[in-house]
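Asks: Here is my input, please return the structure:
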Amino acid sequence: MTVHGPAGTASAGDPVLASAVVLGTGLIGTSVALALRERGLTVWLEDREAASAELAAGIGGGALLPAGGPPGGPADVAVLATPPAAVAPALAAAQERGLARCYTDVASVKELPLSQARALGCDLTTYVPGHPLSGRERSGPAAARADLFLGRPWVICPLAESQAHAILLVTTLARECGAQPVNLSPAEHDQWVALVSHAPHLLAAAMAARLEQADQGALALAGQGLVAAAKDNYPREGQTFSYVASFAEVEVDVETGKYDIVDFLAYADVGSVIHPRALGGQVLGRSTLGMGHAIGQKWVFDPHYGAMLSTRFYQNKPPTILDVPVNMQWAALDIPDPETPVGARGVGEPPVGGGCASILNALTDALGDEIFRRAPVNLDTILTSLEAGRPMQDPLTAHI
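Replies: Residues are numbered from 1 along each chain as shown. Have a look, this model is predicted:
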């Protein structure tokens, strides 16, 4: 085994990478593209599903590969980000099109694609198999991250036929992605990855299948080790969301512009309620934060230097007990979420938006639509707008 240099650093003898083609814009391919774009490389993207390539391009992964190949000639390297069985056909097609000076892949097995590439008559002098050992619990271009490979091993499997320059280009590619290049033979790679990755995944899948049929009473006895090791198969890749609907009533004095919040209710949909007092504190506390955004907190920045000017509490007043209504209530649906192990979901940030929006909507209902176009709304905003018969503040043109 050979380990090349620190992760993310280039050696003096490394060739300079200027361009790359990424064929396959899933999680790994798009993450490679994003990492290379951060390093200033020109990246061309292609996928058999046009929507996937378009999404990868849309989030900054590069440009769509023209049908005639990279403008200006072959790229420095082409990355075949495809499943193992598709590597050899993709390599043959890419070499026939002349897309790059050298080619590598990211498949989790090496000997199968290599034997298939030999059978197809691929040019192995420009092919250097590779495998970045990194990933996520999610898939697809939307889950890609430029730092996915940072500090992670990137196995490179030089062949007897591989040109030295091609090996150097692929090694540089791994470093540009922030990874730690490691040289192994294809056979060593498959043996070691089967031990540390494939076998544990197989055992985890078998255990999950076994637990799926287990009695709920048995599952209730599960310890933290089992819970931490389990990998779910919930819909939407395990993502679940909480919701809060907020309602507010205000009283406004149109002569002074002063208004009071007289009634407030936040209704939460967070699955099962495990600890009512803690949930109530979260809902009402974050709702109060949202009220602050509506009634007083205002971020002011110097338009020339970008420095924040409202740096003191008297300039950017947070809400206090005097600002919240006496009648401030919360409630929850308390319906178990079938997509989480205990039926509960985190309350998170929804009460903040609900607290702010409910106050603004109540003011609009009391005063009309032509009073304000931005938050916070203070007495000056109300008085000047009522006098002019139109909003006296321009809406925000940028979100900071």
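Asks: can you map out the helices along the protein?
Replies: Assigned by DSSP state H, the helices in the chain fall at 27-38, 50-58, 84-97, 111-119, 164-176, 186-193, 199-212, 216-219, 224-229, 276-295, 350-367, 379-388.
Asks: Of those helices, which stretch is the most buried?
Replies: Most buried of those by mean neighbour count (mean count of other Cβ atoms under 10 Å) is helix 27-38; its value is a mean of 25. To be clear about C-beta, it is placed using only N, CA and C from the backbone, and glycine gets the same treatment.
Asks: quick one: contacts of that helix?
Replies: Contacts with helix 27-38, where a contact means Cβ atoms under 8 Å, 6 or more residues apart in numbering, come from 17, 20, 22-23, 25, 43, 45, 47, 56, 59-62, 79, 81, 106, 132, 134-136, 138-141, 143-149, 173, 176-178.
Asks: chain center to that helix, what's the gap?
Replies: Counting by Cα atoms, centre = their mean, to the nearest Å, helix 27-38 is centred 13 Å from the centre of its parent chain.
Asks: List the residues that contact Ala18.
Replies: By Cβ under 8 Å, 6+ apart, the contact list for Ala18 reads 41-42, 76.
Asks: picking that back up, would you single out the least confident of the helices of the chain?
Replies: Note on those: lowest mean pLDDT is at helix 224-229, with a mean of 56.
Asks: before we move on, back to that, pLDDT and neighbour count added to the contacts of Ala18, as JSON lines?
Replies: Output for those, formatted as JSON lines (pLDDT from 0 to 100; neighbours: other Cβ atoms under 10 Å):
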{"residue": "Leu41", "pLDDT": "95", "neighbour count": "20"}
{"residue": "Thr42", "pLDDT": "95", "neighbour count": "18"}
{"residue": "Asp76", "pLDDT": "96", "neighbour count": "20"}
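Asks: returning to what we had before: cross the contacts of helix 27-38 against strands and list the overlap.
Replies: 20, 22-23, 43, 45, 79, 132 (DSSP state E).
Asks: Most neighbours out of those residues, which is it?
Replies: Counting neighbours by other Cβ atoms under 10 Å, Val22 leads those with 30 neighbours.
Asks: From Ile321, how far off is that residue?
Replies: Distance of Val22 to Ile321, computed by Cβ to Cβ, to the nearest Å: 56 Å.
Asks: now Leu360, nearest residue through space, not along the chain?
Replies: Ala294 (5.5 Å; Cβ to Cβ, 6 or more residues apart in numbering).
Asks: so how far is Leu379 from the residue sitting furthest away from the middle of the chain?
Replies: In the chain, the residue that sits farthest from the middle, by Cα atoms, centre = their mean, is Glu255; the gap is 49.0 Å. Remark: distance between Glu255 and Leu379 (Cβ to Cβ) = 10 Å.
Asks: before we move on, what about Ala53?
Replies: 54 Å.
Asks: cool, Gly26 as well?
Replies: Going from Gly26 to Leu379 by Cβ to Cβ gives 55 Å.
Asks: re the thing from before, of all the contacts of Ala18, which comes closest to Leu169?
Replies: Leu169 lies nearest to Asp76 out of the contacts of Ala18, by Cβ to Cβ, at 6.0 Å.
Asks: Enumerate every residue touching the closest one.
Replies: Applying Cβ under 8 Å, 6+ apart to Asp76 gives the contacts 15, 17-20, 100-102, 169.
Asks: what do you get if the cut-off is 10 Å, keeping everything else the same?
Replies: Residues in contact with Asp76, defined by Cβ atoms under 10 Å, 6 or more residues apart in numbering, are 15-21, 41-42, 70, 100-102, 169, 172-173.
Asks: Check Gly69 too.
Replies: Gly69 neighbours (Cβ under 10 Å, 6+ apart): 21, 44, 46, 75, 94, 97-100.
Asks: Find the pair from those with maximum spatial separation.
Replies: Glu46 and Gly98, at 14.1 Å, using Cβ to Cβ across the contacts of Gly69.
Asks: More neighbours: the two, which one.
Replies: Ranked by neighbour count (other Cβ under 10 Å), Glu46 and Gly98 place Glu46 first, with 24 against 12.
Asks: Now the more buried one. Nearest residue, chain neighbours left out?
Replies: Glu46 sits nearest to Leu65 (Cβ to Cβ, 6+ apart), 4.1 Å away.
Asks: quick one: the most centrally placed residue in the chain from Arg39, how far?
Replies: For the chain, Ala143 is the residue whose C-alpha lies nearest the centre (Cα atoms, centre = their mean; 5.1 Å). Distance of Ala143 to Arg39, given as Cβ to Cβ: 21 Å.
Asks: Next: Pro113.
Replies: Distance of Pro113 to Arg39, computed by Cβ to Cβ: 27 Å.
Asks: How about Phe149?
Replies: Distance from Phe149 to Arg39, counting by Cβ to Cβ: 12 Å.
Asks: One more: Met308?
Replies: Taking Cβ to Cβ, one finds Met308 at 32 Å from Arg39.
Asks: Ala214: which of the contacts of Gly69 is nearest?
Replies: Glu46 (44.6 Å).
Asks: Give me the neighbour count for the closest residue to Pro84 other than its chain neighbours.
Replies: Using Cβ to Cβ, 6+ apart and skipping residues adjacent in sequence, the residue nearest Pro84 is Ala107, 4.1 Å away. For Ala107, the count of nearby residues is 22 (other Cβ under 10 Å).
Asks: can you pull the contacts of Ala107?
Replies: Residues in contact with Ala107 (Cβ under 10 Å, 6+ apart) are 28, 80-88, 113-114, 129-131.
Asks: Next: Pro376.
Replies: 291-299, 316-317, 356, 359-360.
Asks: Could you report the separation of Leu203 from Ala107?
Replies: 22 Å.
Asks: what's the answer for Thr340, then?
Replies: For Thr340 relative to Ala107 (Cβ to Cβ), the value is 34 Å.
Asks: which residues touch the residue farthest from the centre of the chain?
Replies: Glu255 neighbours (Cβ under 10 Å, 6+ apart): 383, 386.
Asks: returning to that earlier point: can you redo the helices of the chain as CSV with distance to Val155?
Replies: Shown next, in CSV, are the helices of the chain (distance: least, Cβ to Cβ, whole Å):
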stretch, distance to Val155
helix 27-38, 13
helix 50-58, 24
helix 84-97, 14
helix 111-119, 13
helix 164-176, 9
helix 186-193, 5
helix 199-212, 17
helix 216-219, 38
helix 224-229, 25
helix 276-295, 45
helix 350-367, 43
helix 379-388, 61
